[in-house]
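[1] Starting from these lines, generate the structure:
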Amino acid sequence: MKFRYCATFLFSLLIFNLPDAYADELSEGRDHFLYQCVACHAFTCNKDGPTLGGLFGRKAGKVEDYDGYSDGLKESEIVWTEKMIDDFLKDPVKIFPNSVMADNGKIEDAAQRRKLIAFLKTEDPTVNLCPQE
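    Prediction:
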């Protein structure tokens, strides 16, 4: 009986704290995006870097109205998945040798990459700091 009570209690703690933990991850991912990415990227427009809206499942180097891709990216057949984005953020130059992001986009910390990728999935409209035309 004690075991069942303890198991139920622990399960309840997990369930009720899970949303907060996930929210913290998204918040940290958002902070990283604002610190390191927003100068060049947004979700609804191209800036110095291509839009990140619709990133997951899109072929690399294929945003039609963006012309700043390296040749390696343009010719790539890579599709952006969580794993591919993680590998790219770990070492952009390893994935695309002439990547413009180079060391600017390099994130060595795996937890930080995971949090940023979780945030990228949200396509948060509050960080769309697009230039006025």
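[2] what's the helix or strand for residue 26?
    According to DSSP states H and E, residue 26 maps onto helix 2-32.
[3] For the following helix or strand past that helix, which residues meet the burial criterion?
    Note on helix 2-32: by DSSP H and E, the next helix or strand toward the C-terminus is helix 71-75. In terms of neighbour count (16 or more other C-beta atoms under 10 Å), helix 71-75 has its buried residues at 72-73. To be clear about C-beta, it is placed using only N, CA and C from the backbone, and glycine gets the same treatment.
[4] Please state the offset of helix 71-75 from the chain centre?
    Relative to the centre of its chain, helix 71-75 is centred 20 Å away, using C-alpha atoms, centre = their mean, to the nearest Å.
[5] mean confidence for it?
    Averaging pLDDT along helix 71-75 yields 85.
[6] Please enumerate residues in contact with that helix?
    60-61, 96-99 (C-beta atoms under 8 Å, 6 or more residues apart in numbering).
[7] go again using 10 Å as the cut-off
    Identification of contacts with helix 71-75 by C-beta atoms under 10 Å, 6 or more residues apart in numbering yields 50, 59-62, 67, 69, 78, 92-93, 95-101.
[8] Quick one: buried ones out of those?
    Buried by 16+ other C-beta under 10 Å: 50, 60-61, 69, 78, 92, 95-96, 99, 101, out of the contacts of helix 71-75.
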